[in-house]
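Undergrad: The following block contains a protein sequence and its predicted model.
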Amino acid sequence: MSTASSTESSSTEPSATEPAPSAERPEERTGRVPGRFGVLVDRFAPALGAYAVVKAIGLTVFLVLLEHTGDYLKKQVGRGGGAHAWDVLGTWDGIWYQRIAENGYDPQLIPLHGFPLATYYENSAAFFPLYPWLMRLVGVVTGLGPYGSGIVVSVLASLVAAAGIFAIAERLAGFRAGVIAAVIWGLFPGSGVEWAVYSDSLFVALSAWACYCVMTRRWIAAGLLALVAGLNRPTAAALIAAVSIAALVALVRRTDGVARPLTAMLITPWGLIGYVAWVGWRMGDWGGYFKLQRGAWNRYFDFGASTLRTVMDVITGHWDFWQSNPVPDLIAIALLIALPGLLVLLRQARPPLVLWVYTGMTVFTALSSNQIFGNISRYLLPAFPLFIGLAVALRRVRTSSLVGMFAMPVIAAGWYAGYALFELGIP
């Protein structure tokens, strides 16, 4: 939140109308007072430009690696393969989103026999509807097919997400920290899905701006964004909890009246609840969505038991567990080793309550479910406050030194966040 009297105990956080102490106003950086559009350009262009350059370099390296091996030509279409290198960006989950954008849903629980880890056939109802809806809309407007529409939605959403991450970091620690945070968002392990036919960028865009709205006490907007995010991914539960808890604290403390925080609390969960209920109704089984996730994709909550087992297997060199992918698995181990340090840096940035709850719930969800272990890098990608803590710590490093520090990750991201995820694993 934006004040100590609302949802954060810190007395040094700027109010909803004051800039962060270290932030510069656009006119201070440019020497002029621009119009409203000029203000937005001056404020966001450096961060979005840096982010776009980082992503473009990473994507180029990714495609070069694909062409170097040619392995995608030997793989099944939709499973890491295609006629062209760029087709890989529409595989795995991407092929499901394309089918939904073209054909819609037909939720069913069809029993599957003879497989130890699967009891139902895979069905598109496991994938939430907001992203394929937007794909279809873009297709109608532009004439692009599902693949092209998916890429357009993801790229645009990634820029909105980068802008939201920048805005939050700028509010906490100034303009420079905001730009660095946007760059880290483009380099984080798992960031290869940001410009692919995946819903991750859209989810982070909604989450970042919902948290920013809480920080600036725009409760209705925060609630609506959380509601819409619930139509995008089931992990929106973390955002719903964060917005609701922050609103509850504001309500108890009477810092923003009653109506706006209460309304935010009441509207946040209905996107998530509505879709899960609709799937259950169509299947004739109110628990149908969860049965599908467990029976077809082997995804279920287990309090972290599978994660702990897999960590022990990976660090002892045993690669016989379900969906073992050595390179992505080792990247996931490296990220888990770095996670406590990232949390310490976040604490030093003194974030408001909404960011703490959202980060904690996102990390807890990522580590407490049975899933493909190598995808932890992707599952932690929505935990964008982790990038902000690191950005705040780096904001006093000289620009020349930052360029040197980031040069190799910018190039390597095409491998560890792209090729390793899509071709050496299953994102």
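TA: Nice, I can see it.
Undergrad: center of the protein - which residue?
TA: Residue closest to the mean C-alpha point of the chain, counted by Cα atoms, centre = their mean, is residue 382 at 2.9 Å.
Undergrad: does that one count as helix, strand or coil?
TA: coil (DSSP: H, G, I helix; E, B strand; the rest coil).
Undergrad: what sits against it?
TA: Applying Cβ atoms under 8 Å, 6 or more residues apart in numbering to residue 382 gives the contacts 200, 203-204, 207, 235, 238, 362. Every C-beta, even on glycine, is put in place using the N, C-alpha and C of the backbone.
Undergrad: can we see that at 10 Å?
TA: Remark: with contacts taken as Cβ atoms under 10 Å, 6 or more residues apart in numbering, residue 382 is in contact with 161, 190, 200-201, 203-204, 206-208, 229, 233, 235-236, 238-239, 358-359, 362-363, 365-366.
Undergrad: What subset of the residues you listed is buried?
TA: Burial by neighbour count, judged by 16 or more other Cβ atoms under 10 Å, picks out 161, 190, 200-201, 203-204, 206-208, 229, 233, 235-236, 238-239, 358-359, 362-363, 365-366 from these.
Undergrad: wait, isn't residue 259 in contact with residue 250?
TA: No: because the distance of 11.5 Å does not satisfy Cβ atoms under 10 Å, residue 259 is recorded as not touching residue 250.
Undergrad: So those two - more neighbours on which side?
TA: Between residue 259 and residue 250, counting by other Cβ atoms under 10 Å, residue 250 is the more crowded of the two (27 against 11).
Undergrad: leaving aside the residues next to it on the chain, what's closest to that one?
TA: Setting aside the residues directly before and after it, residue 250 is nearest to residue 261 in space (Cβ to Cβ, 6 or more residues apart in numbering), at 4.5 Å.
Undergrad: and the one you found, what element?
TA: Residue 261 is part of helix 259-267, with elements assigned from DSSP states H and E.
Undergrad: tell me what that helix is packed against?
TA: Using 3 or more Cβ pairs under 10 Å, 6 or more residues apart in numbering; DSSP states H and E as the contact criterion, the neighbours of helix 259-267 among helices and strands are helix 200-215, helix 219-229, helix 236-253.
Undergrad: Pipe the ones you listed into CSV and attach mean pLDDT and distance to residue 38 per row.
TA: Formatted as CSV, the helices and strands packed on helix 259-267 follow (pLDDT from 0 to 100; distance: least, Cβ to Cβ, whole Å):
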stretch, mean pLDDT, distance to residue 38
helix 200-215, 98, 21
helix 219-229, 98, 24
helix 236-253, 96, 32
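Undergrad: I'd like to know which of these lies nearest to residue 349.
TA: Residue 349 lies closest to helix 200-215 among these, at 12.8 Å (Cβ to Cβ).
Undergrad: can you give me the angle the closest one makes with helix 259-267?
TA: With axes from the mean of the first three to the mean of the last three Cα atoms, to 10 degrees defining the directions, helix 200-215 sits at 150 degrees from helix 259-267.
Undergrad: Please name every helix or strand in contact with helix 200-215.
TA: helix 130-142, helix 146-173, helix 175-187, helix 219-229, helix 236-253, helix 259-267, helix 353-367, helix 385-394.
Undergrad: Can you tell me which of these is nearest to residue 412?
TA: Evaluated with Cβ to Cβ, the helices and strands packed on helix 200-215 place helix 175-187 nearest to residue 412, the distance being 8.7 Å.
Undergrad: mean confidence score for the closest one?
TA: Here the mean pLDDT over helix 175-187 is 96, rounded to a whole number.
Undergrad: Next up, the contacts around residue 183.
TA: For residue 183, the set of contacting residues under the criterion of Cβ under 10 Å, 6+ apart consists of 47, 50-51, 53-55, 162, 165-166, 387, 391, 394, 402, 406, 409-410.
Undergrad: returning to what we had before: tell me the gap between the helix holding residue 261 and the middle of its chain.
TA: Here helix 259-267 is found 25 Å from its chain centre; the criterion is Cα atoms, centre = their mean, to the nearest Å.
Undergrad: Would you confirm that residue 302 contacts residue 370?
TA: Yes: applying Cβ under 10 Å, one finds residue 302 in contact with residue 370, separated by 5.0 Å.
Undergrad: can you pull the contacts of residue 412?
TA: Residue 412 makes contact with 58, 61, 187, 418 under the criterion Cβ under 10 Å, 6+ apart.
Undergrad: Shouldn't the second one be within a helix?
TA: Yes: secondary structure assignment (three-state DSSP) places residue 61 inside a helix.
Undergrad: Can you read off the pLDDT for residue 114?
TA: The predicted local confidence for residue 114 comes out at a pLDDT of 85.
Undergrad: Buried residues, the helix or strand where residue 51 lies. List them.
TA: Following DSSP H and E, one finds residue 51 within helix 36-69. Buried residues in helix 36-69, defined by neighbour count with 16+ other Cβ under 10 Å: 42-44, 46-48, 50-52, 54-55, 57-59, 61-63, 65-66.
Undergrad: likewise stretch 275-294?
TA: Buried residues in stretch 275-294, counting neighbours by 16+ other Cβ under 10 Å, are found at 275-276, 278-280, 283, 288-294.
Undergrad: again, but for stretch 387-398
TA: 387-395.
Undergrad: now stretch 291-304
TA: For stretch 291-304, a neighbour-count test (16+ other Cβ under 10 Å) marks 291-299 as buried.
Undergrad: and the gap between the residue nearest to the centre of the chain and residue 198?
TA: Computed as Cβ to Cβ, to the nearest Å, the residue 382 to residue 198 distance reads 12 Å.
Undergrad: try residue 124
TA: 15 Å.
Undergrad: And for residue 408?
TA: The separation that residue 408 has from residue 198, given Cβ to Cβ, amounts to 25 Å.
Undergrad: what's the burial count for residue 308?
TA: As a burial measure, the neighbour count of residue 308 was computed by other Cβ under 10 Å and equals 12.
Undergrad: I am assuming it contacts residue 367, so please confirm or correct that.
TA: Yes: contact between residue 308 and residue 367 holds when scored by Cβ under 10 Å: they sit 8.9 Å apart.
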